[in-house]
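*Asks:* Task: produce atomic coordinates for the following.
(chains A and B)
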Amino acid sequence: MSISAPRYTSGPLPRLGRDSRVMAIASREFHHRAQWTVLVPVTLTFMTVVLTTVVNVFFTSLVGTVTSATFTAAVSSPAWPYLMLIVTATVGAGTLADDVGSRAITLYLSRPVRLLDYLVAKTVGCGGWLLIAALGPGVLAVGITAALGYATATVALEAAGGFLVVGLLAAVFFAGLAIALSSLTNRALYAGVTIFGLVLTLDIGASIVAGISGNSQVGYADPVANVLAVAHQAFSVSGTSSLDPGVSAAILLLSGVAMWIFAGWKLRRVEVIAE
Amino acid sequence: MPMDGSLFRTDSVTRRFGSITALSGLSVEMAPGTIGLVGPNGSGKTTLIRLLLGLLAPDAGSLHVLGFDPQTEPLRVRELVGYMPEHDCLLPDMTGIGFVAHMGRVSGLPKEAAISRAHDVLEFVGLREQRYRRINEYSVGMRQRVKLAQAIVHDPPLCFLDEPTSGLDPTGREEMLGLLRSLSRLGGHSFVLSTHLLPDADGLCDQVLLLDGGRLLASGSVQRLLSSHAGEMVARVKGDQDRFVAALSRRGVSARPVGDSIQLNLPAGATRSVFEAAVETGAQVRYLGASVSTIEGLFLERVQNAAPGDAR
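*Replies:* Modelled structure (predicted):
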């Protein structure tokens, strides 16, 4: 313990508004998550999508015409949604759980910050990584193939638009999922396992139920199937999914928002219980 | 500072948690200064602080802090207050300087000002050497200090300190109380010190708010509350206690035996009567002192005298 004479200077301090307070929390959340547990799956997602896309576009350009559908190789297989799922579990599990567990949430809410501000800031911090993982690889792959002359500017733009739509919808859904499940516990590990387990159960369960019942509509309960249905439509790949891409997109968007609202409701209760 | 001059005011505030009434009809008004929020565990201290911060809503009644209603203007209130919670609430993976600067930014300070203030307050609380260490490497005493630092980083005019000496060893407790004394001497800042350790409030607080079981026992200036007990003395004698009491009564001193002691109501300048009565009865005065001279004594006196369900 240092020995120092008490010194405390007091005087008017400049104050910034609500936006800067929200950004301070969001920025901290984003930087705090930059750990190997997050960087490894994000890097893996980049490598998988970029390599698969570039190689597929390269070979297609040798034997035929490259269209926007050529770019769907990486995101039309379940590998991409599952990589996103791993990123979600590692990035988002602790987003709220860590603060509830350490009770830092009380400290945040004792500052001039509303619960809504806090939730938005946490979502921005966590969602930043999800957006990087969801949009970054596709956009990078498009840029590389266009730069190497494998795709025309028009096709490249169409493909970038496809990645944008799929990436944004996936990011909204996975961010909502992470925030909701992270609000249910004070242990990030539990939230992470639940995120993975829930999506896996819905994916496998919906396939089994659809197989037994012969009702393909059950697939709407499967987030992975919904992401793939949207991806196929976004890249103009027809006839590969039995789900209506519009309905799948709406389900991803609305369920993401609904889960986010649920987290807000849950946190209000946590505040009271923390008393 | 508010127009009416009060630091905070509560009007018939009640707050329940299920079947438990944490605060019952609390009406109190406190002036700026250093206020001891005193009572045993479960007396409603933390609930009151959280109500004043707008973190909880009252079931009945209203509150005002620095002239603002924390229910309708919570952000305005929280811009003006600092809060040091009782429990651990730190971000353990951050360094001390990073954490305090971060909380400064969350309070609205620009980045450079937050960092500069964080250095200042960490030096003030005695963590200059440890500021670049991660908080999860800090001792209990250092954690308490960093909690204090984050509460004052934005230089709030009012600071709520919830059990600041909790978990500290005697040396750490004295050091923390010393820091709080330094802060309170600065002037222009008010502190609400919540504690169940009644001696912590003695010598530090100029006002006190005594709570027990969610009810108000007493509130106001410490000096005024203690002076209301002026003349109330307690004596212990060796000898015939009954004869001693009778001798005091003959000299016009109200006295009654309570256990091994005798409670006296001595008019000003009548101390001599006690010793005259002792000489007369052959008793030996072993102790003579004020019956209520500390906040702790005041609290005990009020608890003993409060009838069940009585709120004052």
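*Asks:* Outside of the helix or strand containing A:Ile86 itself, list whatever touches it.
*Replies:* Element membership for A:Ile86 (DSSP states H and E) is helix A:79-92. Here helix A:79-92 makes contact (CB atoms under 8 Å, 6 or more residues apart in numbering or on different chains) with A:33, A:37-38, A:41-42, A:44-45, A:48-49, A:74, A:126, A:129-130, A:133-134, A:170, A:174-175, A:177-179, A:181-182, A:191-193, A:195-196, A:199-200, A:223-224, A:227-228, A:231. C-beta coordinates here come from the backbone N, C-alpha and C atoms, glycine included.
*Asks:* all helices in the stretch 151-275 of chain A, in order from the N-terminus.
*Replies:* Counting by DSSP state H, counting those that start in this stretch, the stretch 151-275 of chain A has helices at residues A:153-182, A:188-213, A:223-234, A:245-274.
*Asks:* ugh, wrong one, I meant the stretch 201-312 of chain B
*Replies:* B:222-227, B:241-250, B:271-281, B:295-305.
*Asks:* per-residue confidence averaged over the last one?
*Replies:* I take that to be helix B:295-305. For helix B:295-305, the mean pLDDT works out to 72.
*Asks:* list the buried ones in it?
*Replies:* B:295-299, B:301-302 (16 or more other CB atoms under 10 Å in any protein chain shown).
*Asks:* Make a markdown table from these and add distance to A:Phe262 to it.
*Replies:* A markdown table is the format used below for those (distance: CB to CB, whole Å):
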| residue | distance to A:Phe262 |
| --- | --- |
| B:Ile295 | 47 |
| B:Glu296 | 48 |
| B:Gly297 | 52 |
| B:Leu298 | 49 |
| B:Phe299 | 45 |
| B:Glu301 | 51 |
| B:Arg302 | 47 |
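*Asks:* sorry, back to before: now the helices of the stretch 201-312 of chain B in JSON lines, with distance to chain A?
*Replies:* Output for the helices of the stretch 201-312 of chain B, formatted as JSON lines (distance: least, CB to the nearest CB, whole Å):
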{"stretch": "helix B:222-227", "distance to chain A": "23"}
{"stretch": "helix B:241-250", "distance to chain A": "49"}
{"stretch": "helix B:271-281", "distance to chain A": "41"}
{"stretch": "helix B:295-305", "distance to chain A": "24"}
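*Asks:* For the helix holding A:Ile86, list the C-alpha coordinates in CSV.
*Replies:* What follows is helix A:79-92, C-alpha atoms only, in CSV (Å, rounded to 0.1, in the frame of the first residue of the first chain):
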residue,chain,number,x,y,z
ALA,A,79,-20.8,-25.4,-41.6
TRP,A,80,-21.2,-21.6,-41.7
PRO,A,81,-24.2,-21.4,-39.4
TYR,A,82,-22.4,-23.7,-37.0
LEU,A,83,-19.2,-21.6,-37.1
MET,A,84,-21.4,-18.6,-36.3
LEU,A,85,-22.9,-20.5,-33.5
ILE,A,86,-19.5,-21.1,-32.0
VAL,A,87,-18.6,-17.5,-32.3
THR,A,88,-22.0,-16.6,-30.7
ALA,A,89,-21.3,-18.9,-27.8
THR,A,90,-17.8,-17.6,-27.1
VAL,A,91,-18.6,-13.9,-27.7
GLY,A,92,-22.0,-13.6,-26.2
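*Asks:* helices or strands next to the very next helix or strand once past that helix in the packing?
*Replies:* Sequence-wise, the next helix or strand downstream of helix A:79-92 (DSSP H and E) is helix A:94-102. For helix A:94-102, the elements it packs on are helix A:104-109, helix A:115-147, helix A:153-182, helix A:188-213, helix A:245-274, judged by 3 or more CB pairs under 8 Å, 6 or more residues apart in numbering or on different chains; DSSP states H and E.
*Asks:* Closest to the centroid, which residue in chain B?
*Replies:* B:Gly36 (1.9 Å; CA atoms, centre = their mean).
*Asks:* Wasn't that residue part of a strand?
*Replies:* Yes. B:Gly36 sits within a strand when classified using DSSP: H, G, I helix; E, B strand; the rest coil.
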